[in-house]
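> Sequence and predicted structure are below.
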Amino acid sequence: MHKNYAETYQAWKDDRAGYWAEAARAIDWFTQPVEIFDADQGVYGRWFPDAFGNTCHNCVDRHVEAGRGDQAALIYDSPVTGRKARYSYAELLAQVNAMAAVLVDHDVAKGDRVILYMPMIPEAIFAMLACARIGAIHSVVFGGFAASELAARIDDSTAKLVVSASCGIEPNRVIAYKPLLDAAIGLAKHKPDHCLVLQRPELSADLVAGRDVDLGEALDTARTAGRTVSCASLAATDPLYILYTSGTTGQPKGVIRDNGGHMVALAWSMRALYGVAPGEVYWAASDIGWVVGHSYIVYGPLLNGSTTVLYEGKPVGTPDAGAFWRVVEEYKVSVLFTAPTAFRAIRKEDPEGVLVKRRDLSSLRALFLAGERADPETIRWAESVLGVPVIDHWWQTETGWAIVGNPLGLDPLPVKHGSPTVPMPGYELHVLDDAGHEVPAGTLGNIAIKLPLPPGCLPTFWNADERFRATCLSEFPGYYKTADAGYLDEDGYVFVMARTDDIINVAGHRLSTGAMEEVCASHPDVAECAVIGVADALKGQVPAGFLVLKSGVSRESSLVEQEVVTLVRERIGPVAAFKTVLCVKRLPKTRSGKILRGTMQKIADREDWKMPATIDDPAVLDEIAGALSTRRIG
């Protein structure tokens, strides 16, 4: 590996196939790749088309075979139940073998789809790896998802089997999964053959005779018998998983991840981007069912031979805003990766960082943030209370790993607050106007990636090549459309300002709501914020800001609102027409922490809207609607 970013990126540009051929040496292949990229396969080409291997083998078996079976592979920590567990690589292998045996006993074979509707428990990880082991294609649906959304995913994937649990645990409630699963199967046109249900102590589920199986009992039987299942030899181009994202048409988009390119990209990223060595403890505080959980709770750390943390809890409320620091101290976490919204929640509850100071965080080398835009104020706060590098990086469900980042393993570059830094090898970024022409440095435009996409990115959507072409490739021929807007500065740093539908047009001026949010967040009393564009008869659109104040702020909210309006006028100018700000208790978010700006905008514009399936707490949208009903915008 090259010593610094500039050398590394140039090495990739000079020999793109050769670069990934070298990176592929980190993988234990059954049949080594000879052809690195075939431009004639698939929608835009396929990586390692003649190679064969197995992701589970690379995540588990090879570490045991190398004599590292006693090293911790998985740490489970559940503040909502009080349970903790550690699994060495050898113990993880035994658990995955048992799960694979249960799947095989229920006629699951290579190419079959398996839906995992699971909470954040070790059996969910065992099931993902077991599917990978036998060549079944898993599709994790976040536990507690609405029955209609689960039904849509069962139908689209034509899942042969569902693995679930009786319930999920939230800080203040138990969510029964089985009624939702039963309702989803009732709605679905396609009916899975079986449901394997893990009975959790907090709530027992009723099982349907002939269809449902007690997963705990089946696993006990397989473990007692010492069952083993060999790793299937899979083509690098065979699918590993389908991860569904919400589609604009209501039909979910099934992002496919292949086996070979995925292994190569994630193994590379663990060393070069995150700077994590085998044996070190790496914690991605996210959930499976979201891409961060797939890539960096499960596959990335285990491919790297690291120890990964599976956390069934929240950044606040389980029990307080010091929850993350307890985990870092207890397990000596080296690198933490989470969403900016988690840190905004922590900052809101503990603005002075008092709870940070109560813990020994000497093991922590860096914090990585991704999932939505990391505003500079949140980054500055995290830097000040943690005293370690805070690294924003930008990627998507579709790419599976970082498009832009600051590579900790390659002599990191100077930080520019507001920028996730520079493109990673494999990604050639261009900023285009709406006609597809490149714009000058510093000019806001559409961020696009020159094809082909690197290893690890989606090759297409599940059974929907034409939809993939139309959605991602057709608007700018020769490029993948990220649907994010931003600009490149003179140093090549990337500034991702908003989704393209968050660029608002105020009296003919294209303005970024992300830039306005930066200013709002800089106010000392503001914990987090969102800015949306609202329809206006005169100007086309005008911005409206929503503020959540830090805990303990005693000043009148109207004063803070006036001060924020003044700040935006001073820093962006009167052209922004920024006049409306509302203080609210909470912002509506998905379970992964993304603010539901699009839904907020529909409410503000008095358009028809429906409750998003991914929302964390539906009551928050009612609060937003109530706040908007009392205030004239514009």
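All right, it came through fine.
> I'd like the mean pLDDT over stretch 119-139, please.
In this model, stretch 119-139 has an average pLDDT of 98.
> now it, how far from the chain's geometric center?
17 Å (C-alpha atoms, centre = their mean, to the nearest Å).
> what's near enough to touch the closest residue to His417 other than its chain neighbours?
Spatial nearest neighbour of His417, excluding adjacent residues (C-beta to C-beta, 6 or more residues apart in numbering): Pro376 at 3.7 Å. C-beta: built from backbone N, CA, C; applies to glycine. Shown here is Pro376, whose contacts under the criterion C-beta atoms under 8 Å, 6 or more residues apart in numbering are 417-418, 518, 521-522.
> how close does Pro376 get to Val415?
Remark: distance between Pro376 and Val415 (C-beta to C-beta, to the nearest Å) = 10 Å.
> same question, Thr378
According to C-beta to C-beta, Thr378 stands 13 Å off from Val415.
> okay, these two: which has more neighbours?
For Thr378 and Val415, the more surrounded residue by other C-beta atoms under 10 Å is Thr378, and the numbers stand at 24 against 18.
> The more buried one contacts Ala342, correct?
No - between Thr378 and Ala342 there is no contact, the gap being 9.8 Å when judged by C-beta atoms under 8 Å.
> any idea how far Leu408 is from Ala277?
The spacing between Ala277 and Leu408, counted by C-beta to C-beta, is 11 Å.
> my bad, Ala73
The span separating Ala73 from Leu408 equals 22 Å under the rule C-beta to C-beta.
> Strands of the stretch 401-550 of the chain, start to end?
Using DSSP state E, counting those that start in this stretch, the strands of the stretch 401-550 of the chain run over 404-405, 422-423, 429-432, 445-450, 479-488, 494-499, 503-506, 509-512, 526-536, 540-549.
> In terms of mean pLDDT, which of those ranks lowest?
Of all the strands of the stretch 401-550 of the chain, the segment with the smallest mean pLDDT is strand 509-512, scoring a mean of 70.
> In a helix, Glu570, correct?
Yes - assigned with DSSP: H, G, I helix; E, B strand; the rest coil, Glu570 falls within a helix.
> any idea how far it lies from Phe578?
When distances are taken as C-beta to C-beta, Glu570 and Phe578 turn out to be 11 Å apart.
> Among the two, which residue is more densely surrounded?
Per other C-beta under 10 Å, whichever of Glu570 and Phe578 has more neighbours is Phe578, with 25 against 10.
> Start and end of stretch 265-283, how far apart?
End-to-end distance for stretch 265-283: 19 Å, by C-alpha to C-alpha, to the nearest Å.
> From the chain's centroid, how far away is that stretch?
Between the mean C-alpha position of stretch 265-283 and that of its chain there is a distance of 17 Å (C-alpha atoms, centre = their mean).
> can you tell me the average pLDDT over that stretch?
Model confidence over stretch 265-283 averages 98 on the pLDDT scale.
> buried stuff in that stretch?
Neighbour counts using 16 or more other C-beta atoms under 10 Å place 265-276, 278, 280-283 of stretch 265-283 among the buried residues.
> any idea which of the contacts of Pro376 is the one closest to Asp38?
Checking these against Asp38 by C-beta to C-beta gives Gly418 as the nearest, at 38.9 Å.
> Okay, now the unreliable bits of the stretch 251-400 of the chain?
Low-confidence segments of the stretch 251-400 of the chain, defined by pLDDT under 70, are absent.
> any chance you could map the strands in it?
253-258, 281-284, 307-311, 335-338, 366-369, 390-392.
> And for the fifth one, what's in contact with it?
When contacts are taken as C-beta under 8 Å, 6+ apart, the neighbours of strand 366-369 outside the stretch itself are 274-275, 335-340, 343, 378-379, 382, 386, 388-393, 408.
> strand partners of that strand, parallel vs antiparallel please.
strand 335-338 (parallel), strand 390-392 (parallel) (DSSP bridges).
> same question, the third one
For strand 307-311, the paired strands and their directions (DSSP bridges) are strand 72-78 (parallel), strand 281-284 (parallel).
> Distance to Ala26 for these - can I get that in a markdown table?
As requested, the strands paired with strand 307-311 are exported to a markdown table (distance: least, C-beta to C-beta, whole Å):
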| stretch | distance to Ala26 |
| --- | --- |
| strand 72-78 | 18 |
| strand 281-284 | 16 |
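> Following the chain onward from the helix or strand hosting Val141, which element is next?
Remark: Val141 resides in strand 137-142, with elements defined by DSSP states H and E. As assigned by DSSP H and E, the chain's next helix or strand after strand 137-142 is helix 147-157.
> now that following helix, how far from the centre of its chain.
Helix 147-157 sits 20 Å away from the centroid of its parent chain (C-alpha atoms, centre = their mean).
> got the angle for it vs strand 137-142?
Between helix 147-157 and strand 137-142, the angle formed by their directions is 170 degrees, by axes from the mean of the first three to the mean of the last three C-alpha atoms, to 10 degrees.
> what's the angle from helix 147-157 to strand 253-258?
The directions of helix 147-157 and strand 253-258 differ by 50 degrees, with the same axes, to 10 degrees as the criterion.
> what lines up beside whichever helix or strand comes after helix 147-157 in the sheet?
Note on helix 147-157: by DSSP H and E, the next helix or strand toward the C-terminus is strand 161-165. Paired strands of strand 161-165, with direction, are strand 113-118 (parallel), strand 194-198 (parallel) (DSSP bridges).
> Let's have the strands of the stretch 251-400 of the chain in JSON lines, adding distance to Lys589.
JSON lines is the format used below for the strands of the stretch 251-400 of the chain (distance: least, C-beta to C-beta, whole Å):
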{"stretch": "strand 253-258", "distance to Lys589": "21"}
{"stretch": "strand 281-284", "distance to Lys589": "18"}
{"stretch": "strand 307-311", "distance to Lys589": "18"}
{"stretch": "strand 335-338", "distance to Lys589": "14"}
{"stretch": "strand 366-369", "distance to Lys589": "15"}
{"stretch": "strand 390-392", "distance to Lys589": "19"}
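> To Asn172, which of those strands lies closest?
Here strand 307-311 is closest among the strands of the stretch 251-400 of the chain (C-beta to C-beta), at 17.7 Å.
> Now Tyr9. Nearest residue, chain neighbours left out?
Once its chain neighbours are removed from consideration, Tyr9 has its nearest residue in Pro425; the separation is 5.6 Å (C-beta to C-beta, 6+ apart).
> Could you do Cys131 as well?
With C-beta to C-beta, 6+ apart as the measure, His138 is the residue that lies nearest to Cys131, at 3.9 Å, once sequence neighbours are left out.
> again with Thr55
The shortest distance from Thr55 to any non-neighbouring residue, by C-beta to C-beta, 6+ apart, is to Ala132 (4.4 Å).
> The chain - how does it break down into domains?
With automatic domain parsing serving as the domain definition, the record reports that the chain contains domains spanning 5-313+393-484, 507-629.
> tell me the most buried of these?
For the domains of the chain, average neighbour numbers computed from mean count of other C-beta atoms under 10 Å are highest in domain 5-313+393-484, which has a mean of 20.
> Might you quantify the distance of that one from its chain's geometric centre?
The chain centre lies 10 Å from the centre of domain 5-313+393-484; the measure is C-alpha atoms, centre = their mean.
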